[in-house]
Each structure stands twice: as structure tokens, then as C-alpha cells.
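>>> Curious how this folds, go ahead:
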Amino acid sequence: MRGVNAYARVGVESAVMSADPHQLIVMLFDGAQASIAAARLHLQDGNRAAKGAAISKAIDIVNNGLAAALDREKGGEIAENLGQIYDYVARLLLRANLRDEVGALDEAAALLENIGSGWRELRHTAAINL
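Numbers count the residues shown, from 1 in each chain. As a prediction, the model looks like this:
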């Protein structure tokens, strides 16, 4: 199992090293969604420690990945609005952790999916126009 984890880690590190900034943002959205999905499963299984770890990882991705990547000078109102949404998502995730609220996880996942799908569509549109 240790070898499999090391191999997976190398694969993720290679993907990050070769990704452009746009791909990195999409990877952050995907990582947050994967962590939220894991938290949902752990919550349903009653594994509070694993649920808390998964939610903490999702919060970290939102706060230290997505929100930290915002350029509030160049992004203006859009960056400010995204920052507010990310803050709200982080609070939803915290509430889900403290109160075992699946609904809060679902709302956080839906908000991130809406924004993440926009990033994926932007990438797809840019590829078509090249």
C-alpha cells in the first residue's frame, strides 16, 4: 500500500509541475470536491475523525488555494465577489464539521461546482479558439 501511495503522490506532483495556472485552479476545485465527497462518506459512516480531516483539507484548499489565488487589484469586483463566496463556503464547511450537517456539505459542493464548471468551460472555450 505504501508503494501505491508514493506512486500516486508522484503522479499528482508531476501533474502540478506541468500544469499551467488555469489547470492549477481547476485542480484546486477538483481537490476541494473530492475532499467534500470524502467528508460526506465519512459522516455517513460515523467516522468523525476522518470526516474532520477531509473537511479541514477542503477548507484549506478553499482558503489557502482558491481564495489566496485571487488578484483583488486586477480582478476588481469579480475577485471581491469570489472572495466572499469562498469565505461563505469555508463557513459552510466549518458548520458541516461542527454540526454534522450534510446539507451544508451539499451547499458548499454546489457553489464550488458552479464556479469550477465556469473555469472548466473557460478552458474548453480557449482551446477551441486556438
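>>> what packs against the strand or helix carrying residue 28?
Assessed by DSSP states H and E, residue 28 sits inside helix 21-45. Where contact means 3 or more Cβ pairs under 8 Å, 6 or more residues apart in numbering; DSSP states H and E, helix 21-45 is packed against helix 2-18, helix 48-61, helix 72-99, helix 102-129. From N, CA and C alone the C-beta is placed, and that goes for glycine too.
>>> Let me see the residues that make contact with that helix.
15-16, 19, 48, 50-51, 54-55, 57-58, 61-62, 65-66, 69, 93, 96-97, 100, 102, 105-106, 108-109, 112-113, 115-116, 119-120, 122-123, 126 (Cβ atoms under 8 Å, 6 or more residues apart in numbering).
>>> comparing the helices and strands packed on helix 21-45, which gets the lowest mean pLDDT score?
Here the lowest mean pLDDT among the helices and strands packed on helix 21-45 goes to helix 2-18, at a mean of 49.
>>> so how far is residue 74 from residue 68?
Counting by Cβ to Cβ, to the nearest Å, the gap from residue 68 to residue 74 is 15 Å.
>>> So for the two, which residue has more residues nearby?
Set residue 68 next to residue 74 and count neighbours by other Cβ atoms under 10 Å: residue 68 wins out with 11 against 8.
>>> give me phi/psi at that one?
Main-chain dihedrals, residue 68, degrees, to the nearest 10: phi -70, psi -20.
>>> ok, it - contacts?
Residue 68 neighbours (Cβ under 8 Å, 6+ apart): none.
>>> This completes my enquiry, with thanks.
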